[in-house]
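A.B. asks: just to be clear, the model below is a prediction. Sequence and coordinates:
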Amino acid sequence: MLVSSEEGLQGIEELQFVIDQIDKLGLQSSVLEIDVTLARGLNYYTGAIFEVKASGVSIGSIGGGGRYDDLTGIFGLKNISGIGISFGLDRIYLVLEELDLFQKVDLPKPKVMFVNFGEKEALYSMQAIKGLRNNHIKSELYPDTAKMKKQMNYANKRQIEYVVLVGEQEVTSNSYTLKNMSTGEQTNCNLSTLLRLLSKN
């Protein structure tokens with residue numbers, strides 16, 4: 001098909017060079033396939049093009065590129081040739097997900113979470129959190145005033161040991177209600193007792 005095309009014959013020669021070099025050097029974890037029907041970037045690629053696919057999945061290419069002559073000319077830098085490749089991060093993510101290659105990581109979690117009932121209660125809770133953190137007890141405040149059920153589900157999902165409930169009554173009486181998430185036991189106490197209980201457990 002390309003016997004009458006000088007450029008076509010040059011392309012075959014270049015492909016043959018690639019094949020010969022790979023035959024001599026070998027591939028450890030990949031397979032080379034020649035596909036003469038592959039087409040991409042027809043307006044700027046000027047040599048062999050390539051695509052990268054992941055084996056074992058039915059997802060398309062996760063990378064591709066090729067040679068281009070004078071592509072930089074459109075930016076005012078003429079007579080510069082090169083080779084470029086790009087990777088599809090979304091596709092790579094899908095491949096990793098399908099092959100179950102993501103490592104399961106246990107994220108750091110606090111020992112105690114303060115339920116967020118509102119601005120006044122949050123400020124009161126933050127004062128206690130500051131004291132707990134100063135004593136090396138990992139503590140956090142739920143970031144917004146979501147429904148109680150949502151906040152407790154969040155604590156359960158992250159397997160947080162204790163939850164502190166600070167409502168209007170606790171703010172008025174300068175106290176805290178500590179709940180053990182494993183036993184469900186609740187204790188109303190002041191800050192020093194709260195610190196002692198969390199330090200002990």
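C.D. replies: The structure has been received and is ready for your questions. Everything quoted here is computed from the prediction, not taken from an experiment.

A.B. asks: for this structure, which helix is longest?
C.D. replies: Longest among the helix segments of the chain by residue count, using DSSP state H, is helix 6-25.

A.B. asks: quick one: it to chain centroid distance?
C.D. replies: Relative to its chain's centre, helix 6-25 lies at 39 Å (CA atoms, centre = their mean, to the nearest Å).

A.B. asks: continuing past it, what's the next helix or strand?
C.D. replies: Downstream of helix 6-25, the next assigned helix or strand under DSSP states H and E is strand 49-52.

A.B. asks: what are the contacting residues of whatever helix or strand comes next after that next one?
C.D. replies: Note on strand 49-52: by DSSP H and E, the next helix or strand toward the C-terminus is strand 63-69. With contact meaning CB atoms under 8 Å, 6 or more residues apart in numbering, strand 63-69 is reached by 40-41, 44-52, 81-88. Bear in mind the C-beta positions are built from the backbone N, C-alpha and C, glycine included.

A.B. asks: list the buried residues in strand 63-69.
C.D. replies: By neighbour count on 16 or more other CB atoms under 10 Å, the buried set for strand 63-69 is Gly64, Gly65, Gly66, Arg67, Tyr68.

A.B. asks: out of the residues you listed, which is nearest to Thr187?
C.D. replies: Gly64 (61.6 Å; CB to CB).

A.B. asks: quick one: that closest one and Leu141, what's the gap?
C.D. replies: Gly64 sits 47 Å away from Leu141, going by CB to CB, to the nearest Å.

A.B. asks: do the same with Ile80
C.D. replies: The gap separating Ile80 from Leu141 is 55 Å, by CB to CB.

A.B. asks: between those two, tell me which one has more neighbours.
C.D. replies: Leu141 (19 against 12; other CB atoms under 10 Å).

A.B. asks: quick check: closest non-adjacent residue to that one.
C.D. replies: Excluding the flanking residues, the one nearest Leu141 by CB to CB, 6 or more residues apart in numbering is Phe114, at 4.6 Å.

A.B. asks: where does this protein dip in pLDDT?
C.D. replies: Within the chain, the set of residues satisfying pLDDT under 70 comprises 201.

A.B. asks: how is this structure divided into domains?
C.D. replies: Domains of the chain are assigned by automatic domain parsing as 6-98, 112-200.

A.B. asks: quick check, central residue of the chain?
C.D. replies: Tyr93 (8.8 Å; CA atoms, centre = their mean).

A.B. asks: so what touches stretch 29-43?
C.D. replies: Contact with stretch 29-43 is made by Leu15, Val18, Ile19, Ile22, Ile49, Glu51, Ser55, Gly64, Gly66, Tyr68, as judged by CB under 8 Å, 6+ apart.
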